[in-house]
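Q: just need the structure, nothing else, for what follows:
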Amino acid sequence: MIATKLPINRWHRCNRTARVNYLSRQNGSLIMRALVTITLLSTVINAHALPLERLKLPAGLKIEVVAEVPNARQMALTAKGTLIVGSRGAGTVHALQDRDSDGFYEKKQLLADNLNMPSGLTVMDGDLYIAAVSQILKIQDIEQNLSQPVTELIYDQLPEETHHGWKYLTHRNGRLYFNIGAPCNICLREDKRFATIAALEPASGKLQLIANGVRNSVGLAWHPSDGSLWFTENGGDHLGDDRPDDELNRMTTVGQHYGYPHIHGDGLKDKQYRRDEISGYQAPEALLGAHVAPLGLTFYQGTQIPEADKETLFIALHGSWNRSSKVGYQILKVQTRSGKVTQQQVFVDGWLTGQRHWGRPADVITAPDGSLLISDDYAGVIYRVSKR
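A: Got it, this is the predicted structure:
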């Protein structure tokens with residue numbers, strides 16, 4: 001069974017207030033504003049549903065739209081099951097609650113807005129941390145402050161460049177971990193913070209660069225058994241349709257180097273920044289394909305998904321933007337054993353039909369009941385994959 005509770009079309013990706021304000025500014029009439037509001041409400045009610053019937057997934061599973069969030073990117077869950085969703089272009093952070101435990105999020109609360117690409121977030125010790133381009137912010141005791149959130153700035157010494165400046169945020173042992181992307185397609189900057197993964201101690205403000213040569217990672221996940229850090233990496237553009245591969249990487253030692261800008265993918269040496277030897281170079285654990293744009297990933301922690309265990313990775317492939325023939329737009333299932341990738345296979349497919357896409361997966365996490373939640377920043381929704 002494939003179903004959706006929340007109809008949506010392209011016009012409905014913007015929030016209702018933004019649509020009303022935009023159209024009303026075109027005429028300045030209060031009467032017209034009221035008519036526009038009525039029209040928009042009608043549009044919401046009569047909007048065409050997303051074509052979920054096009055999505056292909058393993059037998060025995062279903063996919064549903066369970067929430068609508070503009071430009072939904074990274075997701076995080078509180079201990080009580082509140083779903084927090086950050087955006088990139090919309091500049092907002094929302095909290096979603098499933099009040100009747102039916103798997104659908106009926107209540108949506110705006111926690112923060114007017115932020116610079118606040119796509120990264122994590123919940124640590126009950127506090128919500130938000131990563132914008134140059135800032136890390138906090139909402140203390142998020143479950144107790146959903147209705148009246150107060151955003152506190154805890155760190156503002158990050159680069160301000162927006163090119164690959166959006167963050168993916170996770171935590172471990174009291175520290176926050178996030179990417180600092182290269183401010184370009186392929187370049188080498190004097191500022192050593194670029195093209196790295198960093199760790200921040202919120203209390204002291206101490207920043208440590210723990211991985212180098214990472215062009216643009218938009219997904220970090222801790223292995224549940226050995227504690228290694230796995231992360232996706234988007235390869236360089238304009239080097240060809242089929243190179244370089246986007247990567248799945250693994251960090252076991254602080255200071256490892258992942259090649260950029262000297263080496264792309266698995267051994268493709270850059271013409272301008274070519275280097276034969278790199279101290280601490282770490283080859284990818286898996287090549288995911290050129291321009292598939294891997295973003296969020298998670299080690300599965302439930303029991304609803306057949307043939308998936310705690311060493312199974314699910315990766316959101318956002319999809320290519322400048323390849324002559326589009327690729328990606330999928331959820332990938334990657335099996336690992338003893339720190340090595342043993343199998344890759346497509347788990348959900350169908351957001352791309354020919355050369356047209358109607359959705360772009362951005363992140364994936366395990367819900368408390370063992371289902372999978374998938375964010376889609378293009379359609380502006382959250383999907384849920386569960387047993388039929």
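
Q: isn't residue 269 right up against residue 261?
A: No. Counting by Cβ atoms under 8 Å, residue 261 is not a contact partner of residue 269; they are 10.3 Å apart. In short, each C-beta sits where N, CA and C put it, glycine included.

Q: which one of those two is surrounded by more residues?
A: residue 261 (21 against 12; other Cβ atoms under 10 Å).

Q: correct me, but that one touches residue 268?
A: No. Residue 261 lies out of contact with residue 268 (Cβ under 8 Å); the separation is 11.2 Å.

Q: residue ranges with poor pLDDT in the stretch 101-250 of the chain?
A: Across the stretch 101-250 of the chain, no stretch falls below the confidence threshold (pLDDT under 70).

Q: in it, what residue spans correspond to strands?
A: 107-112, 120-124, 127-131, 136-139, 151-155, 169-172, 175-180, 196-201, 206-212, 220-222, 229-233, 245-251 (DSSP state E, counting those that start in this stretch).

Q: tell me what angle the last one forms with strand 196-201.
A: By that I understand strand 245-251. Calculated by axes from the mean of the first three to the mean of the last three Cα atoms, to 10 degrees, strand 245-251 forms an angle of 40 degrees with strand 196-201.

Q: just the third one next, same as before
A: With the same axes, to 10 degrees defining the directions, strand 127-131 sits at 150 degrees from strand 196-201.

Q: ok, now the fifth one?
A: On the basis of the same axes, to 10 degrees, strand 151-155 is oriented at 110 degrees to strand 196-201.

Q: helices or strands up against strand 151-155?
A: If you count contacts as 3 or more Cβ pairs under 8 Å, 6 or more residues apart in numbering; DSSP states H and E, strand 151-155 packs onto strand 136-139.

Q: can you give the contact residues for the strand it packs on?
A: 111-112, 115, 118, 127-130, 145, 149-156, 158, 176, 178, 200, 202 (Cβ atoms under 8 Å, 6 or more residues apart in numbering).

Q: how far away is the residue lying closest to residue 294 once chain neighbours are set aside from residue 207?
A: Counting by Cβ to Cβ, 6 or more residues apart in numbering, residue 232 is the residue found nearest to residue 294 once chain neighbours are left out, at 3.8 Å. For residue 232, the distance to residue 207 equals 22 Å [Cβ to Cβ, to the nearest Å].

Q: okay, these two: which has more neighbours?
A: For residue 232 versus residue 207, neighbours defined as other Cβ under 10 Å are more numerous around residue 232 (31 against 16).

Q: bridging residues for that one?
A: Beta-bridge partners of residue 232, counted by DSSP bridges, are residue 248.

Q: residue 312 pairs with what?
A: residue 335.

Q: residue contacts, it?
A: 299-300, 305, 333-336.

Q: same thing but 10 Å
A: 298-301, 305, 333-336, 343, 347 (Cβ atoms under 10 Å, 6 or more residues apart in numbering).

Q: and for residue 206?
A: Counting by Cβ under 10 Å, 6+ apart, residue 206 has contacts 155, 175, 199-200.

Q: likewise for residue 249?
A: Residue 249 neighbours (Cβ under 10 Å, 6+ apart): 197, 211, 213-214, 217, 229-233, 256, 258-259, 282-286.

Q: thinking again about what came up before, can you lay out the strands of the stretch 101-250 of the chain as JSON lines showing distance to residue 57?
A: Below are these laid out as JSON lines (distance: least, Cβ to Cβ, whole Å):
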{"stretch": "strand 107-112", "distance to residue 57": "26"}
{"stretch": "strand 120-124", "distance to residue 57": "27"}
{"stretch": "strand 127-131", "distance to residue 57": "31"}
{"stretch": "strand 136-139", "distance to residue 57": "35"}
{"stretch": "strand 151-155", "distance to residue 57": "37"}
{"stretch": "strand 169-172", "distance to residue 57": "26"}
{"stretch": "strand 175-180", "distance to residue 57": "29"}
{"stretch": "strand 196-201", "distance to residue 57": "31"}
{"stretch": "strand 206-212", "distance to residue 57": "33"}
{"stretch": "strand 220-222", "distance to residue 57": "21"}
{"stretch": "strand 229-233", "distance to residue 57": "21"}
{"stretch": "strand 245-251", "distance to residue 57": "21"}
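
Q: quick one on the thing from earlier: mutual contacts of residue 269 and residue 261, please.
A: Common neighbours of residue 269 and residue 261 (Cβ under 10 Å, 6+ apart) are residue 275.

Q: which residues of the stretch 1-150 of the chain fall in helices?
A: Here the stretch 1-150 of the chain has its helices, by DSSP state H, counting those that start in this stretch, at 16-25, 30-46.

Q: rank the ones you listed by pLDDT, which is bottom?
A: Note on the helices of the stretch 1-150 of the chain: lowest mean pLDDT is at helix 30-46, with a mean of 34.

Q: pretty sure residue 304 sits against residue 373.
A: No. Taking Cβ atoms under 10 Å as the definition, residue 304 is not a contact partner of residue 373, at 11.7 Å.

Q: who touches both of those two?
A: With Cβ under 10 Å, 6+ apart as the test, residue 304 and residue 373 both reach 366-367, 385-386.

Q: got the residues you listed as TSV, with neighbour count, pLDDT and distance to residue 192 columns?
A: TSV is the format used below for these (neighbours: other Cβ atoms under 10 Å; pLDDT from 0 to 100; distance: Cβ to Cβ, whole Å):
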residue	neighbour count	pLDDT	distance to residue 192
366	20	98	35
367	21	97	38
385	23	98	40
386	19	97	44
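
Q: closest to residue 171 among these?
A: Nearest to residue 171 out of those is residue 366 (Cβ to Cβ; 16.4 Å).

Q: give me the element the residue lying closest to the closest one once chain neighbours are set aside is part of.
A: Leaving aside its chain neighbours, residue 366 sits nearest to residue 301 (4.4 Å; criterion: Cβ to Cβ, 6+ apart). Using DSSP states H and E, residue 301 sits within no helix or strand.

Q: state the phi and psi torsions of residue 301.
A: phi -130, psi 20 (degrees, to the nearest 10).

Q: against residue 288, how distant is it?
A: 22 Å.

Q: please consider this matter closed, and thank you.
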